[in-house]
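Student: got a predicted structure here, sequence first:
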Amino acid sequence: MQIHEGTTQELTSILAHSPQGRFRLIEIEEDQETAALSAEVTPAIDAENAAAIALLKSWREQDWTEDPDELRKAEEELGEFKRALNATRLSSGERPIFP
């Protein structure tokens, strides 16, 4: 199970990737005070950052999969990566990053 939170527009691409999937949608209502605070805290995004964000989102969409074999392979690669980082750190006398 994965939890995705966002606006209708932000969630549309996630839902489009799995037209046969089952989803549980929970509408979140913000009170006026919370909405005002989040509006104040949200930084303005300049054109360069907006382009970078769009690129990262497109990469995420390209890599998204539900294929169990691909997911298993990705988990194995992540495990190998973590073991290699820990081995390097241990060989230099540092503590491992990953348990």
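Tutor: Arrived safely, thanks for sending.

Student: in three-state terms, how would the most centrally placed residue in the chain be classified?
Tutor: Nearest to the mean C-alpha position of the chain, by C-alpha atoms, centre = their mean, lies Arg60 at 7.7 Å. Put simply, Arg60 is helix when judged by DSSP: H, G, I helix; E, B strand; the rest coil.

Student: check Leu78 too.
Tutor: Judged by three-state DSSP, the three-state class of Leu78 is helix.

Student: ok, now how distant is it from Ala84?
Tutor: Separation of Leu78 from Ala84 (C-beta to C-beta, to the nearest Å): 11 Å. Bear in mind the C-beta positions are built from the backbone N, C-alpha and C, glycine included.

Student: cool, and Trp59?
Tutor: Applying C-beta to C-beta, the value for Trp59 to Ala84 is 23 Å.

Student: could you do Asp46 as well?
Tutor: 37 Å.

Student: neighbours of Gly6, how many?
Tutor: A count of neighbours around Gly6, defined by other C-beta atoms under 10 Å, yields 10.

Student: right, I'll call it a day here.
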